[in-house]
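Chemist: predicted model and sequence below, questions to follow.
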Number of protein chains: 2
Amino acid sequence: MAKKTGSMETAESMAKRQREISVSEFFLKNRHLLGFDSPRKAIMTAVKEAVDNSLDACEEAGILPEIAVELKQTADNRFLVTVQDNGPGIVRAQIPKVFAKLLYGSKFHRLRMSRGQQGIGISAAGMYGQLTTGTATVILSKTKNSPKAHRIAVQIDTRANKPAVLSDEESDWRPEFPPETEGQEPTTYAHGTQVGIEMTAQYVRGRLSVDEYLKQCAVANPHLRLHFKTNLLKKEKGAEATLEEGAWLTYARAVKTLPPPVEAIQPHPHGVELGILMQMLKDSTARTLKSALEADFSRVSSRVALEICEKAGLNPKANPTRVAHQEIEALYKAIQETKLMRPPMDCLAPIGEEQILAGLKKEFPADFYAAVTRSPEVYRGNPFLVEVGVAYAKPGENPELGADDPVRLMRCANRAPLLYMGGACAMTEAMEGVNWKAYGLQQPKGGLPVGPAVFFVHIASVWVPFTSESKEAIAHYPEILKELTFAMQEAGRQLAVYLSKRRRLAEADRKRSYIEKYIPHLALGLKDILALSDKQKTKVEDDLTRMLERTHLDA
Amino acid sequence: MAKKTGSMETAESMAKRQREISVSEFFLKNRHLLGFDSPRKAIMTAVKEAVDNSLDACEEAGILPEIAVELKQTADNRFLVTVQDNGPGIVRAQIPKVFAKLLYGSKFHRLRMSRGQQGIGISAAGMYGQLTTGTATVILSKTKNSPKAHRIAVQIDTRANKPAVLSDEESDWRPEFPPETEGQEPTTYAHGTQVGIEMTAQYVRGRLSVDEYLKQCAVANPHLRLHFKTNLLKKEKGAEATLEEGAWLTYARAVKTLPPPVEAIQPHPHGVELGILMQMLKDSTARTLKSALEADFSRVSSRVALEICEKAGLNPKANPTRVAHQEIEALYKAIQETKLMRPPMDCLAPIGEEQILAGLKKEFPADFYAAVTRSPEVYRGNPFLVEVGVAYAKPGENPELGADDPVRLMRCANRAPLLYMGGACAMTEAMEGVNWKAYGLQQPKGGLPVGPAVFFVHIASVWVPFTSESKEAIAHYPEILKELTFAMQEAGRQLAVYLSKRRRLAEADRKRSYIEKYIPHLALGLKDILALSDKQKTKVEDDLTRMLERTHLDA
């Protein structure tokens, strides 16, 4: 409870009010930081967090993912969000903490490309449900090796950031998914997880909605089979509201193989700051400084480790946990001055140009497609790479792509679509910074280019730097901005070739139709001058038309 | 250390990697969320966090604040940042946690207008210093009641989010500030705090720098006496770098009174969500439901409490800690349906129109000034109010305000300037959304207006919703956007009157100078016609000129 405080506080009275703030209290009061600022955004964020987790788990376990998302309206502004996967399942003991404790997870303490990285998302969604409806998150999960599934209802004790288990029972359930063709048996798997959260929410179709998120998810994850269903309340005048069960909308797989497996990597020495170096040496289990450098960092061979120690004037056989502050500063300096191989790049799994094209073609009918996957680069020691795809429709070909609107920008990070906060994102900044007029697109000063096109932009990294915990926008690291710009320019050059050819063809068409109009008159004139028969005149007309068709009207 | 993980994980192998993440580990890896993404921004953020704390402490203790900021370069990219105040000091036992533990403080668990609210800022600055230089934060503090000062060096154990005290000794120090006039004794106080943090940093003057922050701080806090000094390394060719001590730059006080004291308030029932209501009842120390409603919320009188219980069908004498889930839902509904007085507004201390004008006049020479302080409004149960000031210079009058540039937008929240992330801020959105052409300013479509003007925008609230922990931009709550727009339009109307008058005067000037040119010719003509003497002609010329000067050439 807030205590009334006068204006004449003293150091002593202030001291009495000093208190620890639990991380869940903090985010409860700042829930917009987690993407739960409005009922409309909340439902999208909840679906996103659950789907991200499902995809990560499936890929880590080598399972081709199948996911079903269901939104069931329970009252005017209230929905039960259910997401179900065919993943490996979660062992019973971990379920409460995974779903009801902020900052808990398996992905934070490693450098590996994955959608989740913070250990906040799904617990935040549960916390929002609890805050707005007082209900619990219900998890049903079955692993391959357990004979039964577990059904656990859990809330978060926000004051302590700890799970409170409300119920915990064995259950018979096996995940069921809609069949490939109607009338068939539903698909089942021997393992999987289903999570259900009831929350204050609003469901409106559109660019910032669950629909759009799932559509983009299908583009970025062509190996995913995805189902979506809404069951909305319908209210006839004067009657009670009734629930109308919707039909499943299914996004089919475009490819049947998983992305190549990625490896976790050790930190690259050039990306490690002095304070972290101190911590790492203190924590090292290696017996000598040299072996600590080799074991705990990437790209440090035995030879390089020796070279670093020598440069720093340190004994390679020193105990790494006992190196003094001054010596670590020397070591840090020596590391910066040593040439090292760039971080290993097999830790990144790009979507790939072919699959980006397949994804775009599946979801955006258009006339021209191009895709670019750049080579990996490094920011602050973290490998990353950028990909760009573009689809350009003929005017009127795709009602989603207006010829006079700014192009659509689809942003993705580690295969997870980013819908909100476009204005704060490095991808938008890069897009606005490219001179699109040079590639044949109109562009208002400092804005997005205009045209019937969609751009798909993807960053893959072992650690994606987001501008907030809600993971909606990429931070503006110069190295990342540079790569984004290069990738967009490369796609732009391909687009420019197509656009200039199209313009040439359109111009030729215009000329041709102009001449075509005159052929009958010309033939009539020739008939008079040469005294041709009607048959001869028709032949001349046909010949002229054929000649015109063969002519390449280029100039 | 990151463990290599293959692609064939199982539920069991994943479970083994699940771990808790400490909040300091989290922010260490995400330090851009706290405003420490670049060396240039880091030094500004560190100064900001320390100054915010000093100002809050002084005001709570009823002390007219005096603050000195010193940047001392210690190496190429390294600075020692020192901020010293005449505040109440901090009791010894609290110092380690206040400066070396994230999410610890006195401001989070109350609803009261203050600059700090999260309990993160200053510890984050220390953590950044430690990360980049391995050094400790050094605090020197003396309270009124302790005979000696304490000097404490502290680091943060990031794995546990706990302070580690490196040294702790008594000291004789009393804060000294530059004197009012040169040659006088320095000012001293019997109490105060000084904090020093060494960090990797870059100091560049300009719009996003410490200079600008302090200047805006002086505008927003006309009761503050503020000193700033930089001691930079200078390197002659071939010689060792030497430290050049700078001179103190002092911002004088524009007023000698503190802002009116503000009170902490209880949550307003209409801003409390179901989950929070449950928690509050569970925690209540009141003996009955009715008295809990009265004591723990604002604007609930005995009569209103009874009305709510009645509407919800609950016994007012029930034990508040034992109300069932269903019953609390009914209570929640009853609260929403009950008309309540708006939250008390004495919890807000606006800067005020007069002081905004004084601040602008002091720092921005211009031709026209206006200021608007709106009445308080409410978002999510939190009182807030918006103020807008504007200074408009004649073209060329103020080199800082270019006639062809977008207007300068100075953003402030609870008297603390916001420098970064303007693009993500509700204040920018509101500014771009107003139709400035109606008020006589040019405005490119969807952009900021153009002209030699600076707009000062301030939001005061018991809880400012920032878009990130670095507190750089205001979240886009519709109620806040609306008030911002109204305040800007009100200032715009005043500006429009000035601009239209100026345009009229300029037009008249133009006409006048046009006619003036013809007066000599006219006089010459009259001389001929009327056969005047030279003396008479000169008199006619003078008379005509005087007549013209008296004439109001309005049309």
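Modeler: Yes, it's here.
Chemist: contacts, neighbours, all on C-alpha from now
Modeler: Will do.
Chemist: and the residue most central in space within chain A, what's its pLDDT?
Modeler: Compute the mean C-alpha point of chain A, and by Cα atoms, centre = their mean the closest residue is A:Ala416, 2.0 Å away. Per-residue pLDDT puts A:Ala416 at 95.
Chemist: any idea what it is bridged to?
Modeler: Per DSSP bridges, the residues bridged to A:Ala416 are A:Ala413.
Chemist: mind listing what the nearest residue to A:Val165 once chain neighbours are set aside touches?
Modeler: Nearest residue to A:Val165 in three dimensions, chain neighbours excluded: A:Val154, at 4.4 Å (Cα to Cα, 6 or more residues apart in numbering or on different chains). Contacts of A:Val154 were listed using Cα atoms under 8 Å, 6 or more residues apart in numbering or on different chains, and they are A:96, A:99-100, A:136-138, A:163-167.
Chemist: and what of A:Phe36?
Modeler: For A:Phe36, the contact set (Cα under 8 Å, 6+ apart) comprises A:42, A:45, A:125, A:128.
Chemist: which helix or strand contains it?
Modeler: Using DSSP states H and E, A:Phe36 sits in no helix or strand.
Chemist: what residues does the stretch 101-250 of chain A have near chain B?
Modeler: Taking Cα under 8 Å from any Cα of the partner chain as the contact definition, the stretch 101-250 of chain A meets chain B at A:103-111, A:118-119, A:130-134, A:143.
Chemist: just the ones of those in strands?
Modeler: A:104-105 (DSSP state E).
Chemist: and the residues of the stretch 101-250 of chain A next to chain B, which of them are buried?
Modeler: Taking 16 or more other Cα atoms under 10 Å in any protein chain shown as the criterion, what is buried in these is A:103-111, A:118-119, A:130-134, A:143.
Chemist: in helices, which of those residues fall?
Modeler: With DSSP state H as the criterion, helices contain A:130-133 from among those.
Chemist: returning to that earlier point: quickly list what the residue nearest to A:Val165 is bridged to.
Modeler: With DSSP bridges as the criterion, A:Val154 is bridged to A:Thr137, A:Val165.
Chemist: cool, and A:Leu249?
Modeler: Beta-bridge partners of A:Leu249, counted by DSSP bridges, are A:Phe228.
Chemist: confirm for me that it is in contact with A:Arg225.
Modeler: No - assessed by Cα atoms under 8 Å, A:Leu249 is found out of contact with A:Arg225, at 10.8 Å.
Chemist: neighbour count winner among these two?
Modeler: A:Arg225 (19 against 14; other Cα atoms under 10 Å in any protein chain shown).
Chemist: please name the spatially closest residue to the more buried one (chain neighbours excluded).
Modeler: A:Glu66 (4.7 Å).
Chemist: make a markdown table from the contacts of A:Phe36 and add secondary structure and neighbour count to it.
Modeler: Formatted as a markdown table, the contacts of A:Phe36 follow (DSSP: H, G, I helix; E, B strand; the rest coil; neighbours: other Cα atoms under 10 Å in any protein chain shown):
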| residue | secondary structure | neighbour count |
| --- | --- | --- |
| A:Ala42 | helix | 26 |
| A:Thr45 | helix | 27 |
| A:Ala125 | helix | 29 |
| A:Tyr128 | helix | 26 |
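Chemist: nearest to chain B among the residues you listed?
Modeler: Taking Cα to the nearest Cα as the measure, chain B lies nearest A:Tyr128 of the contacts of A:Phe36, at 8.8 Å.
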